[in-house]
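Engineer: structure for this input, please:
(2 chains)
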Amino acid sequence: MWRISPKCPFSGSSRIAAVRGFRPLLLGFALAPFSCAAAGAAPLEYLTGAGEKAGPVVALTWGVIVISLSVILVITALLVGGICKNSPRAVVVGEKSAIGPDEGGHKWLWIGVGVSSLVLLFTVVWTMVVLADIQAPASRPSVTIEVTGRQWWWQAHYVSGEGRDFTTANEIHIPTGEIVRLKLLGGDVIHSFWVPRLAGKMDAIPGQINETWIEAAKPGIYQGQCTEYCGVEHAKMLFRVVAQSPADFRAWWAHQLAAPVSANGRQAFVENCGRCHTMRGTRATGTLGPDLSHLMARQTIASGVLPNNPRTIAAWIANPQAFKPGTLMPAVKLSDSDRAGITAFLLAQD
Amino acid sequence: MTSTEYERRPLIGTEAPALAERLHRLWETAPGLYGWLATVDHKDIGLRYIITAFAFLILGGVEALVFRLQLSWSNLHLLTPEQYDQLFTVHGMTMIFLYAGPVLSGFSNYLWPLLLGARDMALPRLNALSYWVYLCAGLVLYSGFALGFGPDVGWFNYVPLAARAYNDGPNIDVYALGMVLLGISTTVGSINFVVTFLRMRCPGMSINRVPILVWGTLTASAANIFAIPAVSLAFLLLWMDRNIGTHFFDATAGGSALLWQHLFWMFGHPWVYAIVLPAMGMVSDGLPVFCRRPLVGYSVVALATVATMVLGFGVWVHHMFATGLPGVSLSFFSAASIIIALPSAVGVFAWLATIWTGRPVFTAAFMFFASFILLFTIGGVSGYMTGSVPVDWQLTDTYFIVAHLHYVLIGINVFPVVGATYFWFPKFTGRLMDERLGRWNFWTMFAGFNLGFFPMHISGLMGMPRRIYTYGDGMGWNWLNLITTLGSFLFGLGVLLFVWNVMKSWKSGAKAGDNPWDAPTLEWATPSPPPSYNFMVIPTVGSRHPLWEDRLARPAKVEKSFIARGLTLEHGREALGTTPLDAEPNVILKMPDDTLIPLCLALAMTVLTIGLARVNWLVVGLGALLIAAAIIAWLWPSTVLGETAEAGRDG
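Structural biologist: Here you go, the predicted structure:
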């Protein structure tokens, strides 16, 4: 019934993806050089990076993958060689046979352990270099976003320091080529913020603020997902980072500050939804659920589970549990006119 | 003991039917239900451990196969999210706590006294207690799952998700206290291994002559004694947070969520080594038998075992790289986590060298041991990758980690354990396992395992997070997951073949004789299965390979082992205590008779545990009284054990 564009992970035609799914498999086995097509087939892969922070890590990741595969190949060759060197013999149960002397073979230890030490030392040094490189950004951050993980969605609060703050959810816009500082907080339990193509994970933990940063070189949509198990709907706690040119980003910010579009249903929205949701510029100021200001400017709803369109919004309001069993949003009992009004009001908020 | 009344010059004798008869009467457990419940024989206890652990392995495996079905394609809904969460949590709990550790305790319990030339473990009643508490803890931990409220926040049980505010059923209380109970079992078992190592080695078995399995279990046991208090404390504090209003882990009231992670992983990482080092020891002892030569680099391998564990205490933070710790500590723990690969490399090259310089004999046991080297390498290099912090920030909490930990636990625990079963089964039962079936068993397990688990590395690199009950289409994970599911069913079939082989061979396998593999160590000098007293006379060893001495070219200075002639010690159940380093005879140990007290104490502890889990103070009080009664009965001075003045006068 909910046939939606294939961009959204939890719906769409499985046949298309089935064909696509081969690509990462072949990719992984064949170690083919990476193309952007790979990223399209597996939006959460991290073997191709897309920014200043991802670059050195991608190189290091490939480095340790190549070292690891080489070690596996060498050990396999040595193992198979050792077994095949002598034609294998069957055991004669209970019979005494010749025993080789307790000598020789120590060269294996010295060479094997010696080479291993060099490889490990090299890895430690490379790790430290990359770690120092990405711990802090090269330039000062131009944007600060406070991201709070909640069961099971993400709140993003943009900090301006000039009274131009605002809050949004599940879709984080950033300007390309600029450093974005993230302050991560666990709003209830521990979550983990992960946008693989931009940076590694950082946990969002209650009671502490973890600072990290991201940067995207090119405009695009970078998918993210919570990666610390956080309860029944952990699997459906997706989000996305939208990288835009700095001009587009600033325009988007300005648009976020605009007052809500008035439409029929405003009253019904405030009365029925306002205890949990905020719509800036109305009396709906609840903070239990995502801030819905300018909802229609977002690509998805329900933390990345459904694409954002009139049909999915109506369906979600009617029965959230059908899409995300266990979500904290109840199926609110609404009269037909209220339901229509609320939907219309939300659809007007672009 | 200074009083001369306690001194006696023990007799030296040779093996004789009359002596066997007398020892049999002293040591044999009474038949019937009483004997079954009261036995303190390490061989009975060891086999019980192994069988119970395998029962848990099968349970955990079935749980995994159920949720693998759910994951085999995107958007499947065979299980509700709640069912999925309980299944993956109970699967982890079962495999890590109820299978992997206990199965090794089982092998070591059975084998240690035989390997060391002793008549029993140093503390037989504690040994029985350790098993009964393990069984009770296993049942407590499973009771919640069976009644529909199993633990559901992952086996490492992070707070605040495990706190009352986010999980208000009895699920976590049962899990927390079951884990404390299990910790008691592991702790007393570990103490027993350490004391046995220090005091029960037969004369001549200086510490550089003990088999590597002994080093592995000793190291694991010593580590457990230090590591388990951290996790038992953590679970107790969590129970207090949940039930009596403390706030240790509650960040909203000044507690710390990360405190849990530190306490858990300070235990958790040493535990990982505790559940692999003894298995690596099995390979170090078993593989050379099938290469027809002693292990290359015995001393280095023994030292590497200990070194792994020492370093293993300094790497727990690599489970927490993404928690926002300062750079200095990340660097330290990252370097330690990479360098810990070195002692493992020692093992790998020692085993390879043993194969290259030996003449391999193809048995099922050899195939499991040899393939272990490859699986260990794969699990090792994936671990090395996660040691590198920037890489780990990507890998952690994805299927790459799931692949890694299964290569570690299945590759380094299950494969050696199955190999060890093929190797020692003749000793346990007097019968050989079917070799033909063994080959089928090996290839099914090996193919199924790699088919199922290798693709998980790639799913992880493609970004699939752990612990998701489903995933959307278009993520690129469909085919990888389908292959993983098929592989895990094939692996399950391999395990079934193994179980079938065990049952069939136990009933009708070919007779094995004392030493079917022509192996060098002391356990093979006893009949198969060994008598209740293990050795008719206490052996004296002169080398690491007492049964190969006649054929092993050796320096002229090496002493000779005596197996058929030695101390008879037949005034009651007696064992020989020796000095800790050189194993010189030192004292006659009076060993306890069979008794129900360990079982009673274990049951009393279980009553207390259930009372605390349900916060029923009446049951708690009852449990405490029963525990006190059982301990008093246990410690009541006994004449037979030489604990009363009368014993001295009569002696």
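Engineer: and the stretch 251-350 of chain A, which residues reach chain B?
Structural biologist: Listed as neighbours of chain B in the stretch 251-350 of chain A under the rule Cβ under 8 Å from any Cβ of the partner chain: A:Val305, A:Pro325, A:Gly326. Where C-beta positions appear, they are placed from N, C-alpha and C, glycine not excepted.
Engineer: give me the buried entries from those residues.
Structural biologist: The neighbour count (16 or more other Cβ atoms under 10 Å in any protein chain shown) marks A:Val305, A:Gly326 as buried among these.
Engineer: and the residues of the stretch 251-350 of chain A next to chain B as JSON lines, adding pLDDT and secondary structure?
Structural biologist: As requested, these are exported to JSON lines (pLDDT from 0 to 100; DSSP: H, G, I helix; E, B strand; the rest coil):
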{"residue": "A:Val305", "pLDDT": "94", "secondary structure": "coil"}
{"residue": "A:Pro325", "pLDDT": "94", "secondary structure": "coil"}
{"residue": "A:Gly326", "pLDDT": "94", "secondary structure": "coil"}
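Engineer: tell me where chain A has strands.
Structural biologist: A:143-150, A:153-159, A:166-169, A:171-175, A:180-186, A:191-195, A:199-204, A:210-214, A:220-225, A:238-244, A:300-301, A:306-307 (DSSP state E).
Engineer: dump those strands to TSV, plus mean pLDDT and mean neighbour count.
Structural biologist: Converted to TSV, the strands of chain A look like this (pLDDT from 0 to 100; neighbours: other Cβ atoms under 10 Å in any protein chain shown):
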stretch	mean pLDDT	mean neighbour count
strand A:143-150	98	21
strand A:153-159	97	21
strand A:166-169	97	20
strand A:171-175	98	23
strand A:180-186	97	21
strand A:191-195	98	28
strand A:199-204	97	27
strand A:210-214	97	21
strand A:220-225	96	22
strand A:238-244	97	22
strand A:300-301	96	25
strand A:306-307	96	22
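Engineer: reformat these as TSV; add distance to B:Gln83.
Structural biologist: Formatted as TSV, these follow (distance: least, Cβ to Cβ, whole Å):
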stretch	distance to B:Gln83
strand A:143-150	24
strand A:153-159	23
strand A:166-169	29
strand A:171-175	31
strand A:180-186	26
strand A:191-195	22
strand A:199-204	27
strand A:210-214	32
strand A:220-225	22
strand A:238-244	22
strand A:300-301	26
strand A:306-307	23
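Engineer: quick one: buried residues of the lengthiest helix in chain A?
Structural biologist: The residue-count maximum for a helix in chain A (DSSP state H) belongs to helix A:54-85. Within helix A:54-85, the residues scored as buried using 16+ other Cβ under 10 Å are A:54-58, A:60-61, A:63-65, A:67-68, A:71-72, A:75, A:78-79, A:82-83.
Engineer: count of neighbours near the residue lying closest to B:Thr421 once chain neighbours are set aside?
Structural biologist: Excluding the flanking residues, the one nearest B:Thr421 by Cβ to Cβ, 6 or more residues apart in numbering or on different chains is B:Val502, at 7.0 Å. Neighbour count for B:Val502, taken as other Cβ atoms under 10 Å in any protein chain shown: 23.
Engineer: same question for the one 3 residues further on.
Structural biologist: As a burial measure, the neighbour count of B:Ser505 was computed by other Cβ under 10 Å and equals 23.
Engineer: how is whichever residue of the stretch 101-250 of chain B sits closest to chain A assigned, secondary-structure-wise?
Structural biologist: Taking Cβ to the nearest Cβ as the measure, the stretch 101-250 of chain B has B:Leu161 as its residue closest to chain A, at 4.3 Å. Of the three states, B:Leu161 takes coil under DSSP: H, G, I helix; E, B strand; the rest coil.
Engineer: please apply the same query to the one 5 residues further on.
Structural biologist: When states are read from three-state DSSP, the local structure at B:Tyr166 comes out as coil.
Engineer: ramachandran coordinates for it?
Structural biologist: phi -110, psi 0 (degrees, to the nearest 10).
Engineer: hmm, it is touching B:Tyr158, no?
Structural biologist: No: counting by Cβ atoms under 8 Å, B:Tyr158 is not a contact partner of B:Tyr166; they are 10.4 Å apart.
Engineer: follow-up on the earlier one: among the strands of chain A, which is nearest A:Asp338?
Structural biologist: strand A:300-301 (19.0 Å; Cβ to Cβ).
Engineer: from B:Thr579, how far out is B:Glu559?
Structural biologist: Distance of B:Glu559 to B:Thr579, computed by Cβ to Cβ, to the nearest Å: 17 Å.
Engineer: of the two, who's got more company?
Structural biologist: Neighbours were counted for B:Glu559 and for B:Thr579 using other Cβ under 10 Å; B:Thr579 has more, 15 against 12.
Engineer: nearest spatial neighbour of the more buried one, chain-adjacent residues omitted?
Structural biologist: B:Asn586 (5.1 Å).
Engineer: pull the contacting residues for the residue in the stretch 201-350 of chain B positioned nearest to chain A.
Structural biologist: Shortest the stretch 201-350 of chain B-to-chain A distance, computed as Cβ to the nearest Cβ: residue-wise this is B:Ala251, at 2.6 Å. Residues near B:Ala251 by Cβ atoms under 8 Å, 6 or more residues apart in numbering or on different chains: A:Ile205, A:Pro206, A:Gly207, A:Gln208, B:Pro160, B:Ala257.
Engineer: if I look at the nearest residue to the fifth one once chain neighbours are set aside, how far off is A:Gly55?
Structural biologist: The one in question is B:Pro160. Nearest in space to B:Pro160, with sequence neighbours left out and distances taken as Cβ to Cβ, 6+ apart, is A:Val189 at 4.9 Å. Computed as Cβ to Cβ, the A:Val189 to A:Gly55 distance reads 32 Å.
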